[in-house]
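Chemist: Structure of the sequence below:
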Amino acid sequence: MDKKSLTSLFAESIFQIPDYQRGYAWGEKQWKDFIQDIDALVDDKVRSHYTGTVVVYADSRAGAQLYGIENLKVVDVVDGQQRLTTVCLYLAVIIQALIRQGETAFESAIPKYLYAGATCRLILNNDTANVFYDLLKTGQANILPQSPHQKLITAAYKRLQEHIDGQLKERGEKGIAYLKELYHAITQQLSFTFYEIDEVSEIGMTFELMNSRGKPLTELELLKNYLMHWVSRNEGDLAQRTMLTKIINKSWKDTYTNMGRSSGTEDQCLRIAWTLYCSHTPANWKGYEGFKNDEYIPLRTFQQRSLEDTRAFIIRFAEGLADISRHYASITSPCTTDAVSKDELLWLTKIHHTGNTANFLPLMVAARIYRVGGSISEGDYIELLKALECYGYRVFLHKGRRGNAGKTSFYRWSSEIFNQTLPIDKLIGWVHVLTRYYAPEDSFLAEIAKPSIWYKARLCLKYTLFEYELHLLATEGQGKQPQLAWGHLSDATIEHILPQTPDEKSHWKDVWSSDEFKECVHDVANLVLTQDNSSYRNFEFIRKKGKLGESPSYTNSDIRQERKISSFEDWTPKEFRVRREELVAWLRDRWKTPRVQSVAPLDIAVDADEEDSEAPSKEASL
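Modeler: Residues are numbered from 1 along each chain as shown. Below is the predicted model:
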């Protein structure tokens with residue numbers, strides 16, 4: 001173990017981030033700390049700054065790689081990738097600024113620290129390598145950043161660039177001297193503890209012992225390190241150790257690749273894998289520590305599970321994790337790739353719009369695995385998604401139950417579907433039974449039958465009106481796409497037809513009594529999606545209705561429900577009731593739960609976290 005400056009660290013090797021490592025993950029907190037540490041070396045005349053540990057693995061079988069005119073050893077970065085990446089980005093910003101100021105001598109620093117030809121001194125992994133190279137060379141990526149890692153690394157460069165630009169403006173003529181001092185501080189005064197590993201299986205054990213500054217390791221990373229430690233401790237046979245190491249590394253590489261296109265989180269994905277492979281009981285989830293239990297992956301004591309069974313479980317889990325991450329990515333970020341059908345995309349999108357998917361994720365992943373594998377038909381899979389969407393609307397949005405209502409049942413079903421002990425048709429029936437348990441049919445029908453204050457339950461209101469617009473477009477609009485996208489919906493896109501504060505001398509006061517106003521003004525039948533809310537203000541209905549060619553007006557709107565309202569001559573309690581009857585009929589049909597006679601009574605497990613699920617969630621109940 002040696003202490004090295006960046007110059008001595010980069011003197012003899014090319015550093016690369018293995019694909020099985022996580023991508024760039026630093027954010028504003030880490031960037032701010034990093035900038036302050038470097039500035040302290042310059043402004044406070046601090047002699048050196050301990051930056052952290054850099055651990056590398058040098059594979060004896062890996063040959064040298066041409067870098068410029070030199071053949072250099074290539075080493076894998078085990079720890080330190082976040083700070084090394086940020087150091088290179090900051091150096092690129094500084095060197096480019098110096099060259100722009102006429103300090104061309106610093107061009108010779110580029111191959112020492114950044115790149116030679118098309119090869120970087122630090123080679124990043126997965127989908128960030130090319131973006132990183134572009135940033136080092138030109139200061140901008142040649143592609144629009146897509147994945148979270150690409151976006152973070154681009155944001156890091158921008159943040160560092162903004163700091164340098166700000167300092168140059170503030171320091172004026174002293175700016176060039178400041179840049180040179182920064183360059184010297186980074187290349188000579190940063191101190192790294194350098195450690196080289198000879199055996200790949202030591203990587204996990206090394207991680208367990210390290211406590212580096214920076215962004216904490218995720219549960220997924222900690223588990224990988226534990227598995228590598230397990231291999232190092234328990235596999236004496238070189239061939240067996242090599243085989244297990246390759247399986248683990250490949251699984252984590254595939255998992256990180258899949259997570260790069262997912263809007264979900266690594267910890268959530270790992271919890272799904274735990275639920276399907278280990279325990280479906282929510283209370284048993286203890287993070288990666290739970291895997292170390294003797295029941296699952298014991299490190300030393302093999303009484304509950306033999307060493308051979310543990311090895312087999314590690315292989316099965318590692319390979320299964322990669323598969324789970326692929327389906328998890330398709331569910332959390334659905335698109336028309338990875339065998340996502342048009343109907344699946346439609347219903348996954350609707351489920352996401354309801355705003356509460358966490359309860360369903362293990363079940364959806366398990367079902368999707370067998371849908372893709374052919375054990376569950378496309379039709380049954382879509383019916384399951386429809387049932388989950390109905391549950392999300394009825395239970396979470398309309399009834400306002402807590403977000404964990406039904407969690408135990410959904411997690412148990414996910415395990416049973418995954419282990420193929422629960423038929424899909426029975427599962428679908430049980431989801432409807434659970435919907436009626438938390439949001440009884442009679443209660444749902446009674447609540448939508450009379451006017452109420454829908455406006456306080458904003459997400460429920462937005463989802464209802466958006467789905468109503470889709471319904472109208474499908475039945476009356478020749479299947480056209482909505483003119484107001486889901487992502488653009490806000491309070492400003494919801495219009496009160498009868499205004500909330502009508503003028504005292506307006507026609508509204510003539511046709512609406514005080515009691516009728518209080519009862520109806522915030523009801524769904526008096527609310528409509530619009531792009532012109534601020535323009536309508538408290539206008540009379542005749543002005544809001546307008547005529548063809550007159551904008552803004554209901555008559556001239558591209559939104560189908562506004563156009564439909566324009567068919568009324570006036571907006572009085574009579575017209576309100578007509579629209580309400582139509583909406584109620586649609587609501588009853590859209591979110592009804594069929595009674596499946598063949599489904600046995602459901603034993604609903606109400607956990608402690610569900611006992612108070614009668615209380616409203618953050619989205620207030622109607």
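
Chemist: then whatever helix or strand His229 lives in to CSV, C-alphas only?
Modeler: Secondary structure assigned from DSSP states H and E places His229 in helix 219-234. Extracted in CSV, the C-alpha atoms of helix 219-234 (Å, rounded to 0.1, in the frame of the first residue of the first chain):
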residue,chain,number,x,y,z
GLU,A,219,-27.1,-2.5,-1.2
LEU,A,220,-26.5,-4.1,-4.6
GLU,A,221,-22.8,-3.3,-4.5
LEU,A,222,-22.5,-4.5,-0.9
LEU,A,223,-24.1,-7.8,-1.8
LYS,A,224,-21.7,-8.3,-4.8
ASN,A,225,-18.7,-7.6,-2.5
TYR,A,226,-20.1,-10.1,0.0
LEU,A,227,-20.4,-12.8,-2.7
MET,A,228,-16.9,-12.2,-3.9
HIS,A,229,-15.7,-12.5,-0.3
TRP,A,230,-17.7,-15.7,0.0
VAL,A,231,-15.9,-17.1,-3.1
SER,A,232,-12.5,-16.1,-1.8
ARG,A,233,-13.1,-17.7,1.6
ASN,A,234,-14.9,-20.9,0.5
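
Chemist: pLDDT at Ala605, what is it?
Modeler: Here the pLDDT value assigned to Ala605 is 61.

Chemist: Give me the below-cutoff pLDDT ranges for the stretch 251-400 of the chain.
Modeler: Counting by pLDDT under 70, the stretch 251-400 of the chain shows low-confidence ranges at 336-338.

Chemist: Pull the contacting residues for Gly320.
Modeler: Counting by C-beta atoms under 8 Å, 6 or more residues apart in numbering, Gly320 touches 273, 276-277. Bear in mind the C-beta positions are built from the backbone N, C-alpha and C, glycine included.

Chemist: Tell me which entries of these lie within helices.
Modeler: Of the contacts of Gly320, the ones assigned to helices by DSSP state H are 273, 276-277.

Chemist: What mean pLDDT does the helix holding His229 get?
Modeler: Helix 219-234 shows a mean pLDDT of 88.

Chemist: Distance from the chain centre to it, please.
Modeler: Mean C-alpha position of helix 219-234 versus that of the full chain (C-alpha atoms, centre = their mean, to the nearest Å) differs by 25 Å.

Chemist: Which strands or helices does it pack on?
Modeler: Based on contacts counted as 3 or more C-beta pairs under 8 Å, 6 or more residues apart in numbering; DSSP states H and E, the elements that helix 219-234 packs against are helix 202-209, helix 238-260, helix 266-277, helix 307-332.

Chemist: The longest one to helix 266-277, inter-axis angle?
Modeler: Going back to what we said before, that points to helix 307-332. With axes from the mean of the first three to the mean of the last three C-alpha atoms, to 10 degrees as the criterion, the two stretches helix 307-332 and helix 266-277 enclose an angle of 120 degrees.

Chemist: same question, the second one
Modeler: Angular relation of helix 238-260 and helix 266-277 on a 0 to 180 degree scale: 120 degrees, by the same axes, to 10 degrees.

Chemist: Name the residues of helix 238-260 that come out as buried.
Modeler: With burial defined by 16 or more other C-beta atoms under 10 Å, the residues of helix 238-260 counted as buried are 241, 244-245, 247-249, 251-260.

Chemist: hang on, the earlier thing: tilt between the helix holding His229 and helix 238-260?
Modeler: The directions of helix 219-234 and helix 238-260 differ by 180 degrees, with the same axes, to 10 degrees as the criterion.

Chemist: Buried residues in helix 219-234, which are they?
Modeler: By neighbour count, with 16+ other C-beta under 10 Å as the criterion, the buried positions of helix 219-234 are 219-232, 234.

Chemist: same deal with stretch 571-578?
Modeler: In terms of neighbour count (16+ other C-beta under 10 Å), stretch 571-578 has its buried residues at 571-573, 575-576.

Chemist: Please apply the same query to stretch 145-160.
Modeler: In stretch 145-160, counting by 16+ other C-beta under 10 Å, buried: 145, 147-157, 159-160.

Chemist: for stretch 291-305, same thing?
Modeler: If you call a residue buried by 16+ other C-beta under 10 Å, then stretch 291-305 has these buried ones: 291-292, 296-298, 305.

Chemist: Please flag which of the residues you listed sit within helices.
Modeler: Those of the buried residues of stretch 291-305 lying in helices (DSSP H): none at all.

Chemist: picking that back up, looking at the buried residues of stretch 571-578, which is nearest Trp413?
Modeler: Phe576 (42.2 Å; C-beta to C-beta).

Chemist: Tabulate the helices and strands packed on helix 219-234 in a markdown table, adding columns for distance to Ile35.
Modeler: Written out in a markdown table, the entries for the helices and strands packed on helix 219-234 read as follows (distance: least, C-beta to C-beta, whole Å):
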| stretch | distance to Ile35 |
| --- | --- |
| helix 202-209 | 27 |
| helix 238-260 | 26 |
| helix 266-277 | 27 |
| helix 307-332 | 33 |
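
Chemist: Nearest to Gln500, out of these?
Modeler: helix 307-332 (37.4 Å).

Chemist: In the helix or strand following that closest one, which residues are buried?
Modeler: Note on helix 307-332: by DSSP H and E, the next helix or strand toward the C-terminus is helix 342-353. Buried residues in helix 342-353, counted by 16+ other C-beta under 10 Å: 344, 346-348, 350-353.

Chemist: from those, which single one is nearest Ser325?
Modeler: Taking the buried residues of helix 342-353 together and measuring to Ser325 by C-beta to C-beta, the closest member is Leu348, at 16.5 Å.

Chemist: Touching, the closest one and Ile331? I think so.
Modeler: Yes. Contact status for Leu348 versus Ile331: in contact at 6.2 Å, counting by C-beta atoms under 8 Å.

Chemist: doesn't Ile382 make contact with Ile424?
Modeler: No. Applying C-beta under 8 Å, one finds Ile424 not in contact with Ile382, separated by 11.0 Å.

Chemist: the more surrounded of those two?
Modeler: The residue with more neighbours, out of Ile424 and Ile382 and counting by other C-beta atoms under 10 Å, is Ile424; that gives 20 against 16.

Chemist: Setting the sequence-adjacent residues aside, check what's closest to the more buried one.
Modeler: In space, and not counting its chain neighbours, Ile424 is closest to Asp380: 4.6 Å by C-beta to C-beta, 6 or more residues apart in numbering.

Chemist: give me the element Val74 is part of.
Modeler: With the criterion set as DSSP H and E, the secondary-structure element containing Val74 is strand 70-79.

Chemist: now Thr51
Modeler: For Thr51, the enclosing helix or strand under DSSP H and E is strand 49-57.

Chemist: Can you get me a residue count around the closest residue to Val365 other than its chain neighbours?
Modeler: Distances taken as C-beta to C-beta, 6+ apart place His327 nearest to Val365, at 4.9 Å, with adjacent residues excluded. When neighbours are defined as other C-beta under 10 Å, His327 has 23 of them.

Chemist: Do I have it right that His327 meets Arg371?
Modeler: No. Here His327 does not reach Arg371: they are 9.2 Å apart, not a contact under C-beta under 8 Å.

Chemist: Hmm, Ser330 and Val340 touching each other?
Modeler: Yes. With contacts counted by C-beta under 8 Å, Val340 reaches Ser330, the gap being 5.6 Å.

Chemist: any idea whether Thr421 is helix, strand or coil?
Modeler: Three-state secondary structure (criterion: DSSP: H, G, I helix; E, B strand; the rest coil) places Thr421 in coil.

Chemist: Neighbours of it, how many?
Modeler: Summarising burial for Thr421: neighbours were counted as other C-beta under 10 Å, giving 8.
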